[in-house]
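A.B. asks: With the input below, show me the fold.
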Amino acid sequence: MPAISPSHRDLLESGNTVSLATVGADGLPQVTAIWAILDGDHVRTSLHRSRQKYRNLVARPQASLFAIDPGNPFRTLEVRGTVEITEDTGLEFLQRLLAVYGTDLEHFQAPVDDRVVVTINPVRVVELG
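C.D. replies: Residues are numbered from 1 along each chain as shown. Okay, here's the model as predicted:
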């Protein structure tokens, strides 16, 4: 499995919003701004089951995540990979994710029920800048 190098890990460790691309039922890409964190060599995020990106990933468990350095837009990270979806019944992962982004369950402005953890297992990592 390709690893994200130390030179680009900060793009997923510092609470930057990133883009997640999935493939819709019509075969076209769907891109959404999300919060995600690096967990070892895997990228993880939390999704609500009602979202289109969740339905896309259930049907086609492949995704691409793209991060741009806010201080240098020519420094980017793309992680392409296969996806695993697991339960987050106790919301432990969601709480970890929210802490990186400076908030908590009480102040999170999206539904907290029926959440899953989406893990992207890198197949290809592209680092620029």
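
A.B. asks: Which residue ranges of this protein form strands?
C.D. replies: 18-23, 29-34, 37-39, 42-48, 62-69, 72-87, 115-128 (DSSP state E).

A.B. asks: Put the alpha carbons of the second one into PDB.
C.D. replies: I take that to be strand 29-34. Output in PDB follows, covering the C-alpha atoms of strand 29-34 (Å, rounded to 0.1, in the frame of the first residue of the first chain):
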ATOM      1  CA  PRO A  29     -17.900  11.900 -10.500                       C
ATOM      2  CA  GLN A  30     -19.500  13.600  -7.600                       C
ATOM      3  CA  VAL A  31     -17.200  15.900  -5.500                       C
ATOM      4  CA  THR A  32     -17.900  17.100  -2.000                       C
ATOM      5  CA  ALA A  33     -16.000  19.200   0.500                       C
ATOM      6  CA  ILE A  34     -15.600  17.200   3.700                       C
END
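
A.B. asks: Report the buried residues of it.
C.D. replies: For strand 29-34, a neighbour-count test (16 or more other CB atoms under 10 Å) marks I34 as buried. C-betas here are computed from N, CA, C, even on glycine.

A.B. asks: and that strand with strand 62-69, angle?
C.D. replies: 50 degrees (axes from the mean of the first three to the mean of the last three CA atoms, to 10 degrees).
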